[in-house]
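Asker: Predicted model, plus sequence, below.
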Amino acid sequence: MAAKNRSNLYLYLALVCFVGILAIFVVDGYLGVYDTAYITFGEREQKIEAYSWQEPWVKEQGYGIGTSWGEAVYFRYKIDNRTFSTYEAGVEASVWKSGVNIMQLLDESVSVVPFKAVTVDWKLRAEDLGEAGLGAGESREYTVRIRRGEVERKIVVSYYVPVPGYPEKVPPPSVPVTEPVR
Amino acid sequence: MRIYILYGFGILLCVSGVGYLAAEYIKNLSEPGKLACLALTTAMFGLFGKYFDERGW
């Protein structure tokens, strides 16, 4: 009887260890400093979740968005501190083109108390980039780099000018249309 | 006999599935979390071993 109770105790302890592993998965996944970006252009808001930054293609190439030239792009960057100490860091946002820093959008220090979030925002306007406008059908890409302490996030903004649709009145052909010779 | 083969196949799939999920999830854990998980996993297998040992397996 005592041996059976002891063997059951081993089983219960093993199950407690298993529950402990699951609890670590949940708690460790929740704790940490997380950042979420909200990008608004046109009438749409795009949310880049904290886990999206971990995607291999986002890490390598940056998160891509596209908008028409002349359209302002509004950024909101939320820093969620889920730790037991105050999080302090400098947040910088800048625009890069071909590895050259074109413009500084934001440079400020943030201090986030435990289990609270802080949001910083800035705006990117195409006319502030100091480059010539685009022709119809052309596009141009810029990288918005967000640096928070040691962490860097990249968002690739692709500007384009849409090709106009069909003309309202079709111009007459300059040469007479003839039947093809067979 | 066939039912035991099915049981074995099911258990194998469950273990490999849980193992895959754990391997994916553990990448996002912090270093102390990984260490604690390792210690608990070791203890869990040790205790399972003792349990089956006590039962005479």
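Answerer: Okay, I see it.
Asker: longest single helix anywhere in chain A?
Answerer: Ranked by residue count and defined by DSSP state H, the top helix of chain A is helix A:2-30.
Asker: For it, which helices and strands make contact with it?
Answerer: helix B:31-54 (3 or more Cβ pairs under 8 Å, 6 or more residues apart in numbering or on different chains; DSSP states H and E). The C-beta positions use only the backbone N, C-alpha and C, and glycine is treated the same way.
Asker: Roughly how far does the most centrally placed residue in chain B sit from chain A?
Answerer: Nearest to the geometric centre of chain B sits B:Val15, at 6.6 Å (Cα atoms, centre = their mean). Distance, B:Val15 to chain A, by Cβ to the nearest Cβ, to the nearest Å: 13 Å.
Asker: other SSEs contacting the helix or strand encompassing that residue?
Answerer: Using DSSP states H and E, B:Val15 sits in helix B:2-26. When contacts are defined as 3+ Cβ pairs under 8 Å, 6+ apart, helix B:2-26 sits against none of the other helices and strands.
Asker: how does it look with 10 Å?
Answerer: In terms of contacts (3 or more Cβ pairs under 10 Å, 6 or more residues apart in numbering or on different chains; DSSP states H and E), helix B:2-26 is packed against helix A:2-30, helix B:31-54.
Asker: Show me what counts as buried in it.
Answerer: For helix B:2-26, the neighbour count (16 or more other Cβ atoms under 10 Å in any protein chain shown) marks no residue as buried.
Asker: now that helix: mean pLDDT?
Answerer: Per-region confidence: helix B:2-26 scores 90 on mean pLDDT.
Asker: what's the angle from it to helix B:31-54?
Answerer: 160 degrees (axes from the mean of the first three to the mean of the last three Cα atoms, to 10 degrees).
Asker: who touches helix B:2-26?
Answerer: A:Ile21, A:Ile24, A:Phe25, A:Asp28, A:Gly29, B:Gly33, B:Lys34, B:Cys37, B:Leu38, B:Thr41 (Cβ atoms under 10 Å, 6 or more residues apart in numbering or on different chains).
Asker: Alright, I will stop here.
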